[in-house]
Every structure is written in structure tokens, then in C-alpha cells.
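From the sequence below, what's the structure:
(chains A and B)
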2 protein chains.
Amino acid sequence: MPRTSPRKPVAVIALGGNALAPAGESPTVYDQFRHARQSLGPIVELARSGWDVCVVHGNGPQVGDELVRNEVAREEASPLPLGVLVAATAGWIGYMIQQSLENALMRAGITRQVATVITQVEVDPADPAMRKPTKFIGRSVSPERAAEIEAEGHVVKKDGHGNLRRVVGSPPPKSICELPVIRALMDAGVVAVACGGGGAPVYRHPTLGWEGIDAVVDKDLAAAVLARDLGAELLLILTDVDAVYADWGTPTQRALTRLTLDDAVEMDRNKAFGEGSMAPKVRAAIDFVRRTSGRAIITSLDCGQQAVRGEAGTTITATETA
Amino acid sequence: MPRTSPRKPVAVIALGGNALAPAGESPTVYDQFRHARQSLGPIVELARSGWDVCVVHGNGPQVGDELVRNEVAREEASPLPLGVLVAATAGWIGYMIQQSLENALMRAGITRQVATVITQVEVDPADPAMRKPTKFIGRSVSPERAAEIEAEGHVVKKDGHGNLRRVVGSPPPKSICELPVIRALMDAGVVAVACGGGGAPVYRHPTLGWEGIDAVVDKDLAAAVLARDLGAELLLILTDVDAVYADWGTPTQRALTRLTLDDAVEMDRNKAFGEGSMAPKVRAAIDFVRRTSGRAIITSLDCGQQAVRGEAGTTITATETA
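Numbers count the residues shown, from 1 in each chain, chains lettered A, B, ... in the order given. Okay, the predicted model is just below:
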């Protein structure tokens, strides 16, 4: 495969779970294939206009289903740990995206191979997030089953609805283990699908080497670290709202077209963004813009193409003139 | 990542299901990680002695468990089709091999990245194997459930024990869709893990592009096609017996050290090899040796290192002097 030269600008695109499984639906895999096909417009557009593209995707609804299958069938098939389930969903969601995207690129007359790379993401096992786990996973369980799960070494807490559920840590990603692999593929002109579901979290054991850890990594934060370390020009976070809003949910709510780094940090400090929803996306954007000369855009799938042209979404840059 | 030059010899290693989940065990994923660590000796040895290596692995026990989980929890989470399950197991088994192999290489002082590529394998939807499916998958079901499964468009038959089970076609692989990706990685010095579980079978739809198909691909045949198209010097098939045997299971059984192509074809024609076990491996070896100038070796995991040096296993070559 010939190397592309000169170097093209690099975009990392973080696809929200809603890209494949919209909120409120319980989609079959066939629905998810259909959603994938519909979601790929912005990616095709970027590839067409000369970008090297890496796709990061969520796995919330899909790993939720896997946890249900593993729990329900636990007497008949030994359950898999969370990191292994992340790798499994990265495999099959990657397959779905890769097939759909290759077909979409082909129809657009673009000859680009797409490849899914199973990705490990380094985290710090001593991170405070590991001591105070806050990320609920799987469905609610009975008090009896909760006791069993705790006896297996896991943590169970009551969620916001008073339901007992497993809870794991979500430490920030430090580095992407397969970065050189992803870079080699992008250098060869391949569209890489990587860090699926945030990547399988691992840490460096002093004698054993890399070891998995029972945790999840936020996929937007993983995308930001990947974009930073790839030297990307653009981090595009595609979600289910068209922009970052000020005063969200109040009569004065308004979409923010541009945000400087300082403004974004200040607003986040003032808790302007929803904790389980927009805040981690804004923080991922801040993290990327702070450490690079690139820009970050947060917008919806539908507005992705306009947003790249600066006509929609919220663009976050280091300064107003960037 | 620098390209390695000059070109190193290429080996494709097909790891049997027993590498991770030995027959007769019902291993947890932790057992499977342990087996993976123990199985990687021959791969480390080849990498150390200057080979570029691609690993293909089976998924029999693992996809069997996935089918059980999907079946048992079918009321609570919509079941995934077979091709998607193959991609899922390729994701998580790949993660397991990649982590274990990277650690093993590191301990051996070899700086090599390992990457899992989710692989699609092209098959012919009109292949006779699709009209007369013979590959049993999943566990036995009741007559009532069999009727439901048939109503969903699947085929159910009685297996050799009289149990009703789903049966799918296992058509021969025509090509490996991600071949350029795998080659680009190997050119960059990466050990690729590809075609896991034989790869997700796909065909080229005249208007839609690549589409998945409900089938499975034999992983040894996929490895042979991959080895052929990579221009590999060696196809190493690691299984649970140390060599190909003549008169297997009789008082005169003897291990065959060398086999020419003609001898192997003749013996296979005379049904010398077990149909669900050794025959497909010998056919994969025949397919590779016939179309290349390489050699194929069939041996056990334990004998892999000796076999590469010609001191164990069965080596199949085009002629006696090859």
C-alpha cells in the first residue's frame, strides 16, 4: 500500500453511542447497521476533502447488552470481565462501522481501506477514580445477587433511581498503547477505527507487563488523548445535540458557536455542563485544545459536515483568533 | 514506525482453539489468558529468529459460549448474527493474544508491537457449501425452539448424537478483505493478529457493497489464503497432535515427517485423515503449498519450535527436495 504524501491533516472523530443505537430505541443489530450507514456522512465528507481520519466510537448500549447476556447465562457460560467485553464490542461494532464505511466510501468513489484496531488504553490503577468508582454498568440486581457480585470482588451501589447496580471506576486515559499501529495505518492511507468503547483499560505491571483492569474509559477522553498523540488538527465529537449550550434547559438557553479554552474551562468550573453528558465532552475538547494547536468541535451527527466548514456546532480553540 | 528492510521471511501461524481452551476443559477467561501465555513460545521464537509473523486463531469454544449467552438471554437482549459474533470473539481473543504476546516479546527483549485487525473474508454465497450446510453451531435445542429458529430463517438438523442443533454453511474463503492492511502492518514490523475465528464471512453485493453472510469460515483455510496472498514462506498450523499420522487409530499408526504435495493429495483422496479434524488442516496446507513456493508444517503447540527447525511435526512441500 503506497504511503500518502505530503502528510494530510488528521481528524479524530468520536462517534457517540447514539450514532448506532439512538436513545429510547432498543435496536436490533440490523437497526444498528442501518444507523451506522446513516451516520457516516461526515466521515466520508472529511475523507473526500483530503483528511486522514480515525474513528473512535462508544459502546454504551452494546456493552450493556453484553453484561445482560453474561449475567443471565452465567450458570452456563463463565462470564467475561469488563475489559474483555470492551474488546468484544470494539470487535463487532468496529466490523459494522468498517463494512458500512468502506461501502460508503466506495459509493463516493473514494478508494480507502478501513481497519478496526483493537486498542488498549493505559490508565493509572492508583487513580482516585479507581478508589471511588462512580460509573454504573449493567442492569439492576437483587440484594441477594448484589451480595454474590460483591463476594466476587466487585462494587455494587444504589444508582440515582435506588437500584442496586455494579459500579466501576472510570480513570482518565494516559496513553494509547496501539498509537504506533494506528499511525502506521493512517500513514498508509487507511481509515482507522480505534479506541472502541474507550479502549480496554490496562496498566503496566512491574514484572508481568500489560495487565487488564476492571474499569471503563470515557471514549471522548480516549479520543482526545489519541488526537493529541497523533498530532491531529481536528477533534470532532459527534453526539445527539447540535452544539454546546449556555444555560441549558432554561428559558435563556443558547447555542455557543465559538468557545475559547479559557471560557470553556471557566464555564466547566462553574458547572455549566451536564455531568454525565456534555461536561466530559467539553473536558475532552479542553484537554485536546490545551495540548495542541488543533481545534475541537462538538456537534450532532446531522450537523457534522456543516460544522467542519464552521457553519454549525461549537468550535473550541485556544484563542479567539485561532 | 520505521519500515523493516530488507524484507524478512513471513510466517502465518494458525493457532487451534486448544491453544486457549484445551479440549475437555471449560476454561474461564482467566484460564484462557494463562493458556495464551503458555502457547506463545513458537511465535516468540519465530519473531526472535527474524521472521515477520501473522497469527490466525480459532474461536470454536468461545463462539460456542457466545451462542449460548445470546440464546439464553434472547428475551432480554436481541441476539447477534453469527458474523457479528465472529467479529466479537476476534476482538476479545485478539485482545488476549495481543496483550500476552506483547508481554512475552518484551520479556524476550524483542521490541515488536502486536495488533489485532478485525478481518472480513470473502466467500461465494452461491457456493455448494451454502446450499448444504454441515457445520453444527451452538448447543442442542428442543423441537419447539428448533421450529422457532427455523422460522427465523435458519437451518436446524440432527447432529451425530441425534441432537437438534443449528447448522450453517462453511464455504471456502476466496480472499481476505483486509489483506493490504495486514501487509502494511507487517511491513511496519508489527505482529498482526488477523482472520480470528476464520474471519467474518462477507460477499460483494452488486449495489450495496460488502454484506455479511450467515456462515463460518474454517480458520486453517483462511490462514492458508492469507499466507498465499501475503507471499509467506511458511504456514505453521498448531493443533493438538504432534504430526499428521498414517493409519491413525490403528496398530500401525505412524507420524509422517515429510509429505510431498502429491502424497498429501493422494492420501486425502483415500480419506486417510479425520473429516472434522486433520483433513481440513491437510487441505489448508495443500492449498498453500500448491499455490506458492512455501512450506507448510502441521504440529502441536508444544513441538512448534522444534518443527520450525525441521525436528518435529509434518512438513509438507511441493517436492521431496523442496
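
after the one helix or strand in chain A whose mean pLDDT sits lowest, next one along is what?
Per-element confidence for chain A was summarised using mean pLDDT, DSSP states H and E. The lowest value among helices and strands belongs to helix A:29-39, with a mean of 85. For helix A:29-39, the following helix or strand on the C-terminal side (DSSP states H and E) is helix A:41-48.

Now do that next one, average pLDDT.
Rounded to a whole number, the mean pLDDT of helix A:41-48 is 91.

before we move on, what about stretch A:92-109?
According to the model, stretch A:92-109 has a mean pLDDT of 95.

In it, which residues are buried?
By 16 or more other CB atoms under 10 Å in any protein chain shown, the buried positions in stretch A:92-109 come out as A:92-105. For every residue, glycine as well, the C-beta is placed using N, CA and C.

quick one: the helices in the stretch 51-200 of chain A?
Secondary structure of the stretch 51-200 of chain A by DSSP state H, counting those that start in this stretch: the helices cover A:60-72, A:82-107, A:128-131, A:143-151, A:179-187.

Can you say which of the ones you listed is packed in most?
helix A:82-107 (a mean of 26; mean count of other CB atoms under 10 Å in any protein chain shown).

Residue of the stretch 151-300 of chain A nearest chain B, please.
Nearest residue of the stretch 151-300 of chain A to chain B, counting by CB to the nearest CB: A:Gly209, 3.2 Å away.

The stretch 51-200 of chain A too?
For the stretch 51-200 of chain A, the residue positioned closest to chain B under CB to the nearest CB is A:Gly91, at a distance of 1.9 Å.

so what's that residue closest to, chain neighbours aside?
On the basis of CB to CB, 6 or more residues apart in numbering or on different chains, the spatially nearest residue to A:Gly91 that is not a chain neighbour turns out to be B:Gly91, at 1.9 Å.

same deal with A:Val244?
For A:Val244, the closest residue by CB to CB, 6+ apart turns out to be A:Thr314, at 4.0 Å.

does any part of stretch A:107-120 sit near chain B?
Yes. Remark: stretch A:107-120 sits within contact range of chain B at A:Arg107, A:Gln113, A:Ala115, A:Thr116, A:Val117, A:Ile118, A:Gln120, by CB under 8 Å from any CB of the partner chain.

among the residues you listed, who's most crowded?
A:Ile118 (35 neighbours; other CB atoms under 10 Å in any protein chain shown).

got the contact list for A:Gly199?
A:Val86, A:Ala90, A:Thr119, A:Gln120, A:Val121, A:Pro173, A:Ile176, A:Val217, A:Ala222 (CB atoms under 8 Å, 6 or more residues apart in numbering or on different chains).

Model confidence at it, what's the number?
For A:Gly199, the pLDDT comes out at 98.

Nearest residue to it in space, ignoring adjacent ones along the chain?
Using CB to CB, 6+ apart and skipping residues adjacent in sequence, the residue nearest A:Gly199 is A:Val121, 3.3 Å away.

so A:Pro81 touches B:Val29, yeah?
Yes. With the criterion set as CB atoms under 8 Å, A:Pro81 and B:Val29 qualify as a contacting pair; they are 6.3 Å apart.

quick one, what contacts A:Lys219?
Contact criterion CB under 8 Å, 6+ apart gives A:Ala14, A:Val56, A:His57, A:Gly58, A:Asn59, A:Cys195, A:Gly196, A:Gly197, A:Gly198 as the residues in contact with A:Lys219.

repeat that for 10 Å
A:14-17, A:56-60, A:121, A:173, A:195-199, A:237, A:280, A:284 (CB atoms under 10 Å, 6 or more residues apart in numbering or on different chains).

just A:Val72 next, same as before
Remark: with contacts taken as CB under 10 Å, 6+ apart, A:Val72 is in contact with A:Arg139, B:Arg69, B:Val72, B:Ala73, B:Arg74, B:Glu75, B:Glu76, B:Ala77.

List only buried entries from those residues.
Neighbour-count burial (16+ other CB under 10 Å) applied to these gives A:Arg139, B:Arg69, B:Val72, B:Ala73, B:Ala77.

Not counting its neighbours along the chain, what's nearest the most centrally placed residue in chain A?
A centroid search over chain A (CA atoms, centre = their mean) returns A:Lys219, at 2.5 Å, as the residue closest to the centre. Excluding its sequence neighbours, the residue lying closest to A:Lys219 (CB to CB, 6+ apart) is A:Gly198, at 4.2 Å.

Could you do A:Ala21 as well?
Nearest non-adjacent residue to A:Ala21 (CB to CB, 6+ apart): A:Pro61, at 4.0 Å.

mind checking pLDDT for the residue nearest to A:Ile118 when sequence neighbours are not counted?
If the residues on either side of it in the chain are set aside, A:Ile118 comes closest to B:Thr116, at 4.0 Å by CB to CB, 6+ apart. With respect to pLDDT, B:Thr116 has a value of 98.
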